[in-house]
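Asks: Sequence plus the predicted model coming up.
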Amino acid sequence: MTERKSVAEKIDILRKEKNAVILAHNYQLPEVQDIADFTGDSLALSQMAATTDADIIVFCGVHFMAETASIISPQKKVLIPDLKAGCTLADAITADQLRAWKKEHPGAVVVSYINTTAEVKAESDYCCTSSNAVKVVKSIPEDKEILFLPDMFLGAYAAKVTGRKLHIWPGECHIHAGIMTRDLEEMESEHPGAEMIVHPECGCTTSLLYQNANVSAIGNGNGGSNGNGNGHVKFLSTGGMIKHVSASNAREFVIATETGMLHPLRKANPDKTFYPAREDAVCRFMKMITLEKILKSLEEEVYEVKVPDATARLAKKSIDRMLEITA
Ligand code: CIZ
């Protein structure tokens, strides 16, 4: 009798046969994160994949993330298991809209959040992530106008912390925008003493910043001004949340971001307790990737995401400029 293999086992066989690496974003389904070679935020994943000798990258995330992997590893074949896995925030501004905006502000410096299409990155001076947006903005000479896009909450955060006047594109991630101050207040009264860990794309970011003098800066969780201060509310990127929570003495945490994030946090910290700020903060695009689709992706080598060379070269410049500042 032939032994029946599970989908995960079949994925494993094919990944080795095809010399593929599987990346899973922190917001992916738990079973997808569990079979991945690497989990993390989109930039870190693309950078990790670039250090491997894999021929194929299967990106379990949304479309702009696969594009970032293609920009950083143009010689590798990048696959996304479902082409419909898009990002409403990245779709909030097109390259044409950005070109028109730039015309209205000649000479302005363009800072684009990583959640943008490759074409938009190619039209930008700097890329930034949620953990380094403040650093990137601070590095730009005071006399320069800055166009910040596409997330208005992250933009408002960077403006408040740096004291700079930014022109901010009115885009938002509908999941994060729905996490409001009253959600955090409710969680705080239910779980007094829990640390409030907030992604800066959240709708509550600006009011928390104004209301709560005891907040610590956004960052990557490495300490000091990077997010590990003594504040009760901490603004952190997903990578920063992982680092910060492991180092924190707190036992309970309220996590204000997409609920997929609770899986890696719980896995790495089985002795700590995590509550989502909102149970319904679930991105349906992130959850489109399933084990079955990953298997099909490897079997049929679908769906390829390839950024055209000229766009990739320009987009990479904006990423490299960011890395020069934040290295
Ligand atoms: O780039 C990412 O992975 C996103 C969208 C969020 C984060 O904070 O890691």
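Replies: Everything's here; your move. Residues are numbered from 1 along each chain as shown.
Asks: could you pull out the helices for the stretch 1-150 of the chain?
Replies: Secondary structure of the stretch 1-150 of the chain, counting by DSSP state H, counting those that start in this stretch: helices at 7-17, 30-35, 42-50, 63-72, 95-104, 118-122, 133-138.
Asks: gap between Thr273 and Leu149?
Replies: 37 Å (Cβ to Cβ, to the nearest Å). No exception for glycine: its C-beta is placed from N, CA and C like everyone else's.
Asks: With Pro141 instead?
Replies: 19 Å.
Asks: what about these two, which has more around it?
Replies: Neighbours per residue (other Cβ atoms under 10 Å) separate Pro141 from Leu149, with Leu149 holding more: 28 against 7.
Asks: okay, that one: pLDDT?
Replies: Listed pLDDT for Leu149 reads 98.
Asks: Then Ser225?
Replies: Listed pLDDT for Ser225 reads 34.
Asks: and the stretch 101-250 of the chain, which residues reach the ligand?
Replies: Neighbours of the ligand within the stretch 101-250 of the chain, by Cβ under 6 Å from any ligand atom: Ile114, Asn115, Thr129, Ser130, His199, Ser237, Thr238, Gly239.
Asks: Can you show me the helices along the stretch 151-300 of the chain?
Replies: Taking DSSP H, counting those that start in this stretch, the helices of the stretch 151-300 of the chain run over residues 152-162, 174-177, 181-190, 205-211, 238-247, 262-268, 291-300.
Asks: For Gln47, find the nearest of those helices.
Replies: Ranking these by their distance to Gln47 (criterion: Cβ to Cβ) puts helix 238-247 first, at 11.0 Å.
Asks: Could you list the buried residues of that closest one?
Replies: Thr238, Gly239, Gly240, Met241, Ile242, Lys243, His244, Val245 (16 or more other Cβ atoms under 10 Å).
Asks: angle of it against helix 42-50?
Replies: 90 degrees (axes from the mean of the first three to the mean of the last three Cα atoms, to 10 degrees).
Asks: Tell me where the chain is predicted with low confidence.
Replies: Within the chain, the stretches with pLDDT under 70 are 1-2, 212-231.
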